[in-house]
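Student: please work out how this folds:
(2 chains)
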Amino acid sequence: MYKTHTCGELRKEDVGKDVSLAGWVDRRRDHGGVTFVDLRDRFGVVQLVTNPDISPAAHHALDPVRMEWVIKVDGNVRRRPEGMENPDIATGNVEVEVTKVEILNPARTPPFMIQQEEEVDEQTRLKYRYLDLRSDRMRDNLILRHKVVKYIRDYLDERDFIEVETPILFKATPEGARDYLVPSRVHPGEFYALPQSPQQLKQMLMVAGVERYFQIARCFRDEDLRVDRQPEFTQLDLEMSFVEREDVMELIEDLYTQMVQEITPEKKIYQTPWPRLSYEEVMNRFGKDNPDIRFGMELVDITDLVAESEFRVFSSVVEKGGDVRGIKAPGLGEYSRNQIDEFTEFVKQYGAKGLAYIAITETGEERSTFLKFIDENTKAALYQRMGAEDGDLLLFIADQQEIVLDCLGRLREELRDRMDLVDGDTLAFCWVIDFPLFTWNEEEDRWDPSHHLFTAPMPEDVKHLDEDPSQARGQQYDLVLNGYEIGGGSIRIHDGELQEKVFDLIGLDREVARERFGHMLQAFSYGTPPHGGIAPGIDRLCMLLANEPNIREVIAFPKNQSARDVMGDAPSSVTEEQLEELHIKLDLD
RNA sequence: GGGGGCGUGGUGUAGCGGUUAACAUGCGGCCCUGUCAAGGCCGAGAUCGCCGGUUCGAAUCCGGUCGUCCCCGCCA
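Tutor: Here you go, the predicted structure:
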C-alpha cells in the first residue's frame, strides 16, 4: 500500500500512528544532521523529518532526493516540539519521523519552481502545464471548477433535468462565428462543423419531449482570442419546455445563488434578488450591455444643456443629432494635463475624437477645455446634474450616441481599475432584458438578430415586425456578472410561420433558409412546445469565482493567444496520406 | 487584418553605445542536528530571440523577422 493517509490530513489526533505517505518533494531543508522534507500530494503538505541518530538508513536514502521527486515513506506521526509548530499549514502541529524511504521516481530539475508559477512566463507554464498544474493555485482552480460543475449537475438532477449529449460533429452554420470544420472522408468535399453551441439540437430535444434538458457542453468558435475567450469553451447549456422567461431566470438565479454560497462562502452577492435592468437602461447608465454595477459613476446626459452652447465641439455634434454625455471621477480633480491626456488617448482607441473636461481642485479652482464657452447658468445646471464638487474631474464626450456610450462605458471601467473601486469578493449579478430583437446592419443593409435567429419577440411587439422591426424587443435575457456577460438565453420561436417571418426580415432567402434550417422548420411542424433556455459560460464564471485575471487559469490545457496548444503542439501538419484520404489539396502561398 | 508592450544564465529581473554582462532564485560541491522561502562558504551556467544595417566599437541605436502577452476589428 502506497498511502495510509494523504499528506493533508494528519493532525494532533494522529500522533503515534504508523503511516505510509507518498507524494512529491515540495521542499527539502538539509541541516547536515536532521533533514526536513515537505511532502506534497493533491491534498496538502506534511513535514517529514529524518535523523541520522534514529534511522540512519532512511536519513541517507533521502540524500539524493530533490524537488519534485516522487517518493514513498513509512514513518511515525509525532507532535512537533514546543514552539516548532507551523500555523501556516493544516498539518503544522505534527511531523512524520521517517523510518523507510522508497524512491518511486526521480525528477529532472523542473524548468520553473512549482509554487512560483505566477511570475513565470506563461508560455513556459503552458509548455509544461503538467508541472504548472501541480501548484496550489492551479490545483485549487481545478477543484473549484469540478465543484461548480458537480453542483450544477446535482441541482438540476434534483429538479428533473436530464443531461443529454449532443454531437460534436454537426452542421456548419455560416451565421455568427466562424466554424471549425472537419472534413469527411466518406463524403468527398463535405464537412462537418464543430458546434458553436448545441442551440439547434437542444431545441430539437424540446420537440422530442425531453422538457428539461441540460448539458455541460463544449462549444467551438474560430475567432481571435481574448483574456476571456478561448476557441473551445464550456457552457451550461439548458433548455426547458412550457416556460416563460421569468421561469428560466428564476431557476438560474436560485442555482447560482446557492452554488456561490456553498462553494465560495467568502464571496458576497451584491444585491438579491438580482436586479433586472432593461437594455435601454443599462446603455444609458453604464454605456454597455454587460455593466459592472458594483460602483456608481454612472453616465450623465448633458446634450440638452449644451445644445446651444458657444462651444462648437458640443453644439455642432448636437446639430447633427449626436449626444454629449459625461462621467464624474470623484477625487481626480488634481490630475495633471498629462494624466487627463491619457484618458483622451484611451477613448480615441474606441472612436472618440476627443475628451472635454472640467477639473476642479480641492480648493475649487477650475481647469477646463470648454468652461469659458458656457454661461454661468448652464455651468450651474451642469454641475448640479453631475453632482460636481471640489476635487472632482468631469469628463465629456460629444459624438454619435453609439460612440459616446461605448467610450464612456469603457472609460468608466478604466477609471474603476485605476481608482481601485471594486472588491473581487463581491459578485454583482444582474439580468439585462428587453433587448431589441434586431440591430440594423449598415454594411449589409439589413436587420441582424441581436441574439440569435430563434429568439422570440415579446408577444406585444410581434406587431412591430411588419412596420418597424427596430421597435420589437426580444424575449431575451443576458446574465451579467461584474462587467462580464456570463450567459445569455431566450424564449424561442416555436411557431414555424413566425420563424419564417424572421428569416425574411434578416434577408435570409427562403431557399437558403430551407437548406440550413429546413430540419428545424420541419421539426416545428410536428407539435412543438413553447420553450426557452439559457447558456451560461462556465469558464468565465470560474475565472471570477477564483479571482483569476484570465480564463486560461481555470482551464487545464488552454490554447495560447494564437490558438495554439504549446504543450501538445497543435495544430500541426499531417501526412500526405491523411490529406489524400480526406480529398484535400493544400494551397499555401 | 491592425495597434501597443515584452524577448538578457533553468526561472525572474538589472544593465540601454566601450562593463570581466550584474542581482536574486534554482542547480552542483563543502559545512551545518529544529527548519519550514532554513543558513554559511565555494562553483558551474548567457555568443543578450533571429537576420541585416549604423558605428572604430551594439545586449544597448535603426530596419526587418519570429515568438509571446494586451487591445481594436471579429466573437448571431
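
Student: near RNA strand B, anything from the helix or strand harbouring A:Val46?
Tutor: Assigned by DSSP states H and E, A:Val46 belongs to strand A:44-50. Yes. Counting by C-beta under 7 Å from any atom of the strand, RNA strand B has neighbours in strand A:44-50: A:47, A:49. The way it works is simple: take the backbone N, C-alpha and C, and place the C-beta from them, glycine included.

Student: give me the mean pLDDT for that strand.
Tutor: For strand A:44-50, the mean pLDDT works out to 96.

Student: are we agreed that A:Leu39 is in a strand?
Tutor: Yes. Judged by DSSP: H, G, I helix; E, B strand; the rest coil, A:Leu39 forms part of a strand.

Student: quickly check: stretch A:573-589 near RNA strand B or not.
Tutor: No. Figure legend: stretch A:573-589 not in contact with RNA strand B (C-beta under 7 Å from any atom of the strand); closest approach 10.3 Å.

Student: poorly predicted segments of chain A, please.
Tutor: Counting by pLDDT under 70, chain A contains low-confidence ranges at A:589.

Student: longest helix anywhere in it?
Tutor: Identified as the longest helix of chain A according to DSSP state H is helix A:136-158.

Student: how far off centre is that one?
Tutor: Helix A:136-158 sits 15 Å away from the centroid of its parent chain (C-alpha atoms, centre = their mean, to the nearest Å).

Student: the closest residue to RNA strand B within the stretch 251-400 of chain A - how many residues pack around it?
Tutor: Nearest residue of the stretch 251-400 of chain A to RNA strand B (C-beta to the nearest atom of the strand) works out as A:Gln349 at 5.6 Å. Neighbours of A:Gln349 under the rule other C-beta atoms under 10 Å: 9.

Student: cool, A:Val164 as well?
Tutor: The tally of other residues near A:Val164 (other C-beta under 10 Å) stands at 17.

Student: how about the contacts made by it?
Tutor: A:205, A:210, A:213, A:215 (C-beta atoms under 8 Å, 6 or more residues apart in numbering).

Student: can you do 6 Å?
Tutor: A:205, A:213 (C-beta atoms under 6 Å, 6 or more residues apart in numbering).

Student: and the residue in the stretch 201-350 of chain A that RNA strand B sits nearest to, how many neighbours?
Tutor: Proximity of the stretch 201-350 of chain A to RNA strand B (C-beta to the nearest atom of the strand) peaks at A:Asp224, 3.0 Å away. As a burial measure, A:Asp224 scores 10 neighbours (other C-beta under 10 Å).

Student: which secondary structure element contains the nearest residue to A:Ile433 once chain neighbours are set aside?
Tutor: Computed as C-beta to C-beta, 6 or more residues apart in numbering, the closest residue to A:Ile433 that is not its neighbour in sequence is A:Tyr477, at 5.1 Å. Secondary structure from DSSP H and E places A:Tyr477 in strand A:476-481.

Student: what are the buried residues along the strand holding A:Val46?
Tutor: Across strand A:44-50, burial judged by 16 or more other C-beta atoms under 10 Å covers A:44-50.

Student: please name every helix or strand in contact with it.
Tutor: Applying 3 or more C-beta pairs under 6 Å, 6 or more residues apart in numbering; DSSP states H and E, one finds that strand A:44-50 contacts strand A:35-41, strand A:94-105.

Student: and for A:Asp154, the neighbour number?
Tutor: Neighbour tally, A:Asp154, other C-beta under 10 Å: 11.

Student: go on, A:Glu580?
Tutor: Look at A:Glu580: counted by other C-beta under 10 Å, it has 10 neighbours.

Student: ok, now which ones touch it?
Tutor: Contact analysis of A:Glu580 by C-beta under 6 Å, 6+ apart lists nothing.

Student: go through the helix or strand where it lies and flag the buried ones.
Tutor: In the assignment (DSSP H and E), A:Glu580 maps to helix A:576-581. Across helix A:576-581, burial judged by 16+ other C-beta under 10 Å covers no residue at all.

Student: if we can go back for a sec, quick one: contacts of the strand holding A:Tyr477?
Tutor: A:245, A:249, A:290, A:429-433, A:435, A:451, A:455, A:485-490, A:536, A:544.

Student: again with stretch A:70-81
Tutor: Here stretch A:70-81 makes contact (C-beta under 6 Å, 6+ apart) with A:2, A:10, A:14-15, A:17-22, A:24, A:48, A:94-105.

Student: try it again with 7 Å
Tutor: Stretch A:70-81 is contacted by residues A:2, A:10, A:12, A:14-22, A:24-25, A:48, A:65, A:93-105 when judged by C-beta atoms under 7 Å, 6 or more residues apart in numbering.

Student: among these, which ones are buried?
Tutor: A:10, A:14, A:19-22, A:24-25, A:48, A:65, A:93-98, A:101.

Student: so A:Asp539 is in which element?
Tutor: Assigned by DSSP H and E, A:Asp539 falls in helix A:538-545.

Student: so that helix, near RNA strand B or not?
Tutor: No. Figure legend: helix A:538-545 not in contact with RNA strand B (C-beta under 7 Å from any atom of the strand); closest approach 11.2 Å.

Student: just the buried positions in that helix, please.
Tutor: Result for helix A:538-545 [16+ other C-beta under 10 Å]: buried residues A:538-545.

Student: mind putting those residues into TSV with distance to A:Asp390?
Tutor: Shown next, in TSV, are those (distance: C-beta to C-beta, whole Å):
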residue	distance to A:Asp390
A:Ile538	47
A:Asp539	45
A:Arg540	40
A:Leu541	42
A:Cys542	43
A:Met543	39
A:Leu544	36
A:Leu545	40
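
Student: re earlier: next secondary structure after the longest helix of chain A?
Tutor: In N-to-C order, the element after helix A:136-158 by DSSP H and E is strand A:162-163.

Student: next, count neighbours for A:Met1.
Tutor: As a burial measure, A:Met1 scores 6 neighbours (other C-beta under 10 Å).

Student: ugh, wrong one, I meant A:Phe438
Tutor: Residues near A:Phe438, counting by other C-beta under 10 Å, number 25.

Student: verify the stated contact: it with A:Ser450.
Tutor: Yes. Counting by C-beta atoms under 7 Å, A:Ser450 is a contact partner of A:Phe438 at 6.3 Å.

Student: can I have the strand holding A:Val46 written out in CSV, keeping just the CAs?
Tutor: Coordinates of each C-alpha in strand A:44-50 appear next as CSV, following Å, rounded to 0.1, in the frame of the first residue of the first chain:
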residue,chain,number,x,y,z
GLY,A,44,-1.8,19.1,1.2
VAL,A,45,1.7,19.2,2.6
VAL,A,46,3.2,17.5,5.6
GLN,A,47,6.7,17.8,7.1
LEU,A,48,8.9,14.7,7.2
VAL,A,49,11.9,14.5,9.5
THR,A,50,14.9,12.2,9.4
